[in-house]
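*Asks:* Prediction below, plus the sequence it came from.
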Amino acid sequence: MTEMVYGSMPSRVAEPVLPRWWRTIDKWTLTAILVLFGIGLLLGLAASVPLAQRNELDPYYYVQRQAAFGGMAIFVMVAISMMSPEMVRRLGVLGFGLAFMALALLPVFGTDFGKGAVRWFSFGFASVQPSEFLKPGFIIVSAWLVAASGDLNGPPGKALSFALAVTIVLFLALQPDFGQAMLVLFGWGVIYFVAGAPMLLIGTILGLTGAGGFIAYNSSEHFARRINGFLTSEVDPRSQIGYATNAIQEGGFFGVGVGEGQVKWTLPDAHTDFIIAVAAEEYGLVLVLVILALYATITVRSLYRLTRERDPFTRLAGTGLACIFGVQAMINMGVAVRLLPAKGMTLPFVSYGGSSVIAAGITVGMLLAMTRSRPQSQMSEILARGRR
Amino acid sequence: MTTRTPLRPLARILNARARGENPDAIERENLRLRHEAIRDRARGRAQLRLLFLSLCFFSAFTVIGARMGMLAATEPMEPRSASSSADITAGRAEIQDRNGHVLATNMMTHALYVQTKDLIDPAHVAHELARIFPEDMDEASLYKRFTDGRSFLWVRKVLSPEQMQQVHEIGDPGLLFGPREMRLYPNGQLAAHVLGGASFGAEGVDSAEVIGVAGIEKAMDARLRDPSQAGVPVQLSLDLTIQSAIEDVLGTGMAMMNAKGAAAVLMDVQTGEIVSLASLPAFDPNDRPNPVLPKGAEPGDSPLFNRAVQGVYELGSAFKIFAAAQAMELGLVGPETMVDANAPMVWGKFKIKEFENHNYGPLLSVSDVIAKSSNVGTAHIALMIGGERQQAFLKEMGLFDPSPVELIEAPYAKPIVPKRWPDITTITVSYGHGIAASPLSLATAYATIANGGIKVTPTLLKRTEPMEGARVMRPETAAEAVKMLRRVVTEGTASLGEVPGYNVAGKTGTAEKPNPQGGYYSDRVVNTFAAVFPADNPRYVLTVTLDEPVETTGPKPRRTAGWTAVPVAAEIIRRAAPLLGLKPQVDPVPPDGLTAVSN
């Protein structure tokens, strides 16, 4: 009462921001991300030189750019990871709105850089791919809606977020960019799954997909040929996949040596979609396994930390972010080893690309914010059980 | 939630109001507790699902790692250009004869095409190509096509290796080769009408579709192109050696008898397999002639015309055996029953005469009617049977319908059957006039008699099982009919058909060709001999048909089958029977002529 009346010195009850951040952040994930970024720069030294030569630029022009963008990405990541989940949600929803408008305006103002798909806004000195920024925003909005739908008298969040997902998928299919569309759908699916999708529905969808695939395989010759062509061990060595496979084989366990690789000279996408082939060729299986372990660490560790999270929004948002991050890496590497059919998808933090790396920074920044250690009111939980 | 618990329990609200507290606090507290409970439940469920997701990700990354390891552990292979030839080799199944000899196979060759924008010196290329392919290219027109603005043009569909080398030596980068699989018939003209031929369908740079255009290549096109059976050859019933012998003899016979065409069908009577089917003149299926005929020519004049299947002729007296067999089957006559054979026979305004105005009458046994080929006798037998039963029988023998053999031409060769059937038609049809059928249909009908009366269906595909058909006549009737046919050779019109050891039986047929302007030619005939051998245990049927033959060794030209088709058929049997594995039946040598010696 005395303090209220006389306005005594306000004492800081909470910890200072930085020590609290350091104490609660998931240091393993943070380290893994920084190491990945370092590996990305290292591979960029090898993989982007041919591109720079083709464009008659300084050999390490793209490495410098990537370092600059990467610096920004790390700054953004740390900044976001310091926010509270509520703050992340507010900014995320705003960011989503902006990115969605950008996406919707693509058909009008976008450019395709001669690649046949209108995915970018060109600003002269840099270009932006809105769909990269849309993904984390979408995850936040979906998680928010789905989490709210769990409350009494809450909005019909699951239906709303699904409608949103479908809308975005339609816009992405318009570009066309089926890879990103798939990621968006996958992100929504994971959130819905963790939020408690009925087992019956999951079983039905899995069964229908399986049956549909089986029927298509047996009735459509075209489909069967595609699948058989993918399953066969024969690979046309003149295709991108053929070069990538050859590079991995050339590399063996310890690689052909730094700067000795050949695949970067032949593959046009060596610095983005097929950077793992460059890694495998120059540094061998060892580096590839390290990269795989880093992605696995980030994904699995984040998911594991989220099992203890009690707040539905934080849990769902974290799950969605971790999963789209992990799946993007998985698809990129799965394509290179021919476990998956070819899809243009970058390796987050490792592939060259400004939008890609900053968007990855935002994604993991949000993820780190969600997985910070928080008091989970475990005592009250136990007490709640007692009350029931 | 099984029971609905109110968020504003009335008792507590009233108590709170009484105490002057805000009742909303109770509702908020209740909501909070309810949310806590929901979240606890959701968290329990989410925990399991998150663990499941982690496991999925972990396994996926492990699988990728394992796959990377496997790839890294394998030796890199020399990057070879993936040849597109795998798509077109063995595209079409082979065709073989019954012993596995190749009748049609595939060969890799190349097509020549030009990318005109890559041509360095079109004038030189046009000049050189015209030199290499003098027969089908012309320098000026080639040069025009190279320079008229098109970017791509086909020059030649197939090249021999020598021609390809010569084109290589021109050395112009605009000249390009597309791999091709072409159909090759290594035996040239042999069995040309059966095989038909093939040509290119849809063409691409890397491959071209090979499609059948005639014969069995077209009739069985779907089977031959079926990718799942590409390695399995189609085995025909033909025997290449016998086919060769028959075409050889038939060609010589055609020349000797001054015929303009000839056809022969050799059929196994038990299985219906066609062991040989020949039509002369023939063509080379590797280089099919242009099917367009000069003006005024009959379709039968084209070498592409298959006389044995497409040729629908009035086959004459060869039909008489059907009347005799049917009458015996119906119990109207026996082989020795005497029938009226007084010639000429007058029926209404028609006069039925015998060959060269003979008169075999007044009475002739049925067996002699066949042996001497009496028109009048056959007419009387046919009148006993009656028109309706005659039609039913001939239809059953397959003489009213196109042959079901596996050739694309077969369904279009419909026998010519009279529309009305008054008694005069019954009479003329009984000796093979006014009705026209293909030599193959005739052979099939004879095979049915030789097969003991069980209907035979002709086939060009190799069979191992005997034919299971409907019974058309009793085996006794069939045996008697064959016996009569044997008498035709031993005592009758086909005496030149005797082949020692093979007991040939058969029936001759001579029919004047119809004149398109009406009536019949007197000097243009179709001679047929339908033979069954060996007579005591019939195994094969052979029909030989000669188109417009004339035998000129005698003082006046002879145009009867006995002088033309019969000796040719006899020579064929002499050559083919041993090849068919038939043992000649040699009369036992009398023991007194030789002395058995043993040591």
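*Replies:* All right, it came through fine. Remember, predicted model here, so these are calculated numbers, not experimental data.
*Asks:* Can you pull the residues of the stretch 151-300 of chain A lying near chain B?
*Replies:* Proximity of the stretch 151-300 of chain A to chain B, by Cβ under 8 Å from any Cβ of the partner chain, involves residues A:151-152, A:190, A:193-196, A:234, A:236-238, A:242, A:245-246, A:248-253, A:280, A:284-285, A:288-289, A:292-293, A:295-296, A:299-300. In short, each C-beta sits where N, CA and C put it, glycine included.
*Asks:* how about residue 56, phi and psi?
*Replies:* You didn't say which chain, so I picked chain A. The phi/psi pair for A:Glu56 (degrees, to the nearest 10) reads phi 60, psi 50.
*Asks:* which residues in the stretch 151-300 of chain A form helices?
*Replies:* Assigned by DSSP state H, counting those that start in this stretch, the helices in the stretch 151-300 of chain A fall at A:157-174, A:178-194, A:199-219, A:221-231, A:240-251, A:263-266, A:275-306.
*Asks:* a markdown table for those, including mean neighbour count?
*Replies:* Below are those laid out as a markdown table (neighbours: other Cβ atoms under 10 Å in any protein chain shown):
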| stretch | mean neighbour count |
| --- | --- |
| helix A:157-174 | 17 |
| helix A:178-194 | 22 |
| helix A:199-219 | 11 |
| helix A:221-231 | 12 |
| helix A:240-251 | 23 |
| helix A:263-266 | 19 |
| helix A:275-306 | 24 |
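*Asks:* hey, least reliable of the ones you listed by pLDDT?
*Replies:* Per-segment mean pLDDT for these reaches its minimum on helix A:221-231, at a mean of 66.
*Asks:* hmm, which helix or strand of chain A has the shakiest average pLDDT?
*Replies:* Lowest on mean pLDDT, DSSP states H and E among the helices and strands of chain A sits helix A:378-387, with a mean of 53.
*Asks:* Quick check: the gap between B:Cys56 and chain A.
*Replies:* Separation of B:Cys56 from chain A (Cβ to the nearest Cβ, to the nearest Å): 9 Å.
*Asks:* Tell me, how many residues neighbour that residue?
*Replies:* B:Cys56: 16 surrounding residues under other Cβ atoms under 10 Å in any protein chain shown.
*Asks:* Got the phi and psi for it?
*Replies:* According to degrees, to the nearest 10, B:Cys56 has phi -60, psi -50.
*Asks:* so who does it touch?
*Replies:* By Cβ atoms under 8 Å, 6 or more residues apart in numbering or on different chains, no residues touch B:Cys56.
*Asks:* re the thing from before, including distance to B:Gln166, could the helices of the stretch 151-300 of chain A go into a markdown table?
*Replies:* A markdown table is the format used below for those (distance: least, Cβ to Cβ, whole Å):
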| stretch | distance to B:Gln166 |
| --- | --- |
| helix A:157-174 | 54 |
| helix A:178-194 | 51 |
| helix A:199-219 | 49 |
| helix A:221-231 | 38 |
| helix A:240-251 | 35 |
| helix A:263-266 | 36 |
| helix A:275-306 | 44 |
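*Asks:* was I right about B:Asp340 contacting B:Ala379?
*Replies:* No: taking contacts as Cβ atoms under 8 Å, B:Asp340 lies outside contact range of B:Ala379: 9.1 Å.
*Asks:* Neighbour count for those two, which is higher?
*Replies:* Set B:Asp340 next to B:Ala379 and count neighbours by other Cβ under 10 Å: B:Ala379 wins out with 27 against 16.
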